[in-house]
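A.B. asks: Need a 3D model of the sequence below.
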Amino acid sequence: MKLFFGTVFPETTIDADEQQHIIKVLRMRIGEEISITDGKGNLAKGTLVLEGKKANIEVSAIEKALPDFSPKLHIAIAPTKNIDRTEFFIEKATELGVSEITFLQTDKSERKIINPEKIKKQTISASKQSLRVHFPVIHPMVKLQDFISTTDLETTYIAHCDPSFERTNLNALKPRDHITFLIGPEGDFSPNEIKLLTEKGIKSVTLGNQRLRTETAGIFIAAWNYYNMMSKTVDN
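C.D. replies: Below you'll find the predicted structure:
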């Protein structure tokens, strides 16, 4: 399936950038089978129609409200100083079915600005690559304290490397329909931040004996959630 981004309702159209990609890069031909998703779980299937410099779709079928990944995973992560590492995380998290991503500003953050439009394009690209019709929701940068004031503390966990705090193994966590993980910057969360989160009732988790980079920790959690989801699918 060749998947592209566009609108499905009320009218099915192909995004302008996608049209240029179809015509100038892929050089697709009239009548080739394509699919369009709006990133909200809706999918239109049909064949390619070319009208001058514009590309469109002759719709043959529409699938509404396709199911998303479950459990839903929200990763709140401090972006890395090297933006390439953050972008790599975004790509892999999208492919592995992460539902939401929030960028955190913490005590030790080395990056306080991100380009939301660039991040959005990356999620679209990664979603198309992995044939995903639910794009992850990307939230703007927010201070850690502000984030935890709006999240469900019962289903939120913090991954950190400080052994002075009690930490739980990932596989010991209770099954949830929705789960949120906090991942700190390259210098980890500060002791004061961990203490604050712990006092709020947020439980700490360990990702193993090795110390992982920020983006690796995010991918690790995304892969763990994806594996659990696939295991349930096989069991059913």
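A.B. asks: list the buried ones in the longest helix along the chain?
C.D. replies: In the chain, with assignment by DSSP state H, the single longest helix is helix 214-235. Across helix 214-235, burial judged by 16 or more other C-beta atoms under 10 Å covers 214-222, 224-226, 228. In short, each C-beta sits where N, CA and C put it, glycine included.
A.B. asks: Let me have those residues in JSON lines, extended by distance to V98.
C.D. replies: Compiled in JSON lines, those are given as follows (distance: C-beta to C-beta, whole Å):
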{"residue": "T214", "distance to V98": "15"}
{"residue": "E215", "distance to V98": "13"}
{"residue": "T216", "distance to V98": "15"}
{"residue": "A217", "distance to V98": "13"}
{"residue": "G218", "distance to V98": "8"}
{"residue": "I219", "distance to V98": "10"}
{"residue": "F220", "distance to V98": "12"}
{"residue": "I221", "distance to V98": "9"}
{"residue": "A222", "distance to V98": "5"}
{"residue": "W224", "distance to V98": "11"}
{"residue": "N225", "distance to V98": "8"}
{"residue": "Y226", "distance to V98": "9"}
{"residue": "N228", "distance to V98": "13"}
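A.B. asks: From those, which shows the smallest pLDDT?
C.D. replies: Within the buried residues of helix 214-235, pLDDT reaches its minimum at N228, with 87.
A.B. asks: right, and V49 touches V59 too?
C.D. replies: No - the criterion here is C-beta atoms under 8 Å, and V49 misses it with V59 at 10.0 Å.
A.B. asks: okay, and the helix or strand of this protein with the least pLDDT?
C.D. replies: Ranked by mean pLDDT, DSSP states H and E, the weakest helix or strand in the chain is helix 214-235, scoring a mean of 87.
A.B. asks: Identify all contacting residues around that helix.
C.D. replies: Here helix 214-235 makes contact (C-beta atoms under 8 Å, 6 or more residues apart in numbering) with 69-71, 73, 75, 77-78, 80, 85-86, 88-89, 92-93, 96-98, 159, 170, 179, 181, 183-186, 207, 212.
A.B. asks: and what of stretch 29-46?
C.D. replies: By C-beta under 8 Å, 6+ apart, stretch 29-46 touches 1-9, 12-14, 22, 28, 47-50, 57-68, 124, 127, 133-135.
A.B. asks: Can you say which of those are buried?
C.D. replies: By 16+ other C-beta under 10 Å, the contacts of stretch 29-46 give 3-8, 12-14, 22, 28, 48, 50, 57, 124, 127, 133-135 as buried.
A.B. asks: Which of those residues fall in strands?
C.D. replies: When DSSP state E defines the strands, the subset of these inside them is L3, F4, F5, G6, T7, T13, I14, L48, L50, I57.
A.B. asks: What residues are recorded as beta-bridge partners of the fourth one?
C.D. replies: Okay, so that is G6. G6 has the following beta-bridge partners by DSSP bridges: I14.
A.B. asks: Tabulate the ones in strands among the buried ones among the contacts of stretch 29-46 (JSON lines), appending distance to N192.
C.D. replies: As requested, these are exported to JSON lines (distance: C-beta to C-beta, whole Å):
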{"residue": "L3", "distance to N192": "45"}
{"residue": "F4", "distance to N192": "47"}
{"residue": "F5", "distance to N192": "42"}
{"residue": "G6", "distance to N192": "47"}
{"residue": "T7", "distance to N192": "46"}
{"residue": "T13", "distance to N192": "50"}
{"residue": "I14", "distance to N192": "50"}
{"residue": "L48", "distance to N192": "57"}
{"residue": "L50", "distance to N192": "59"}
{"residue": "I57", "distance to N192": "54"}
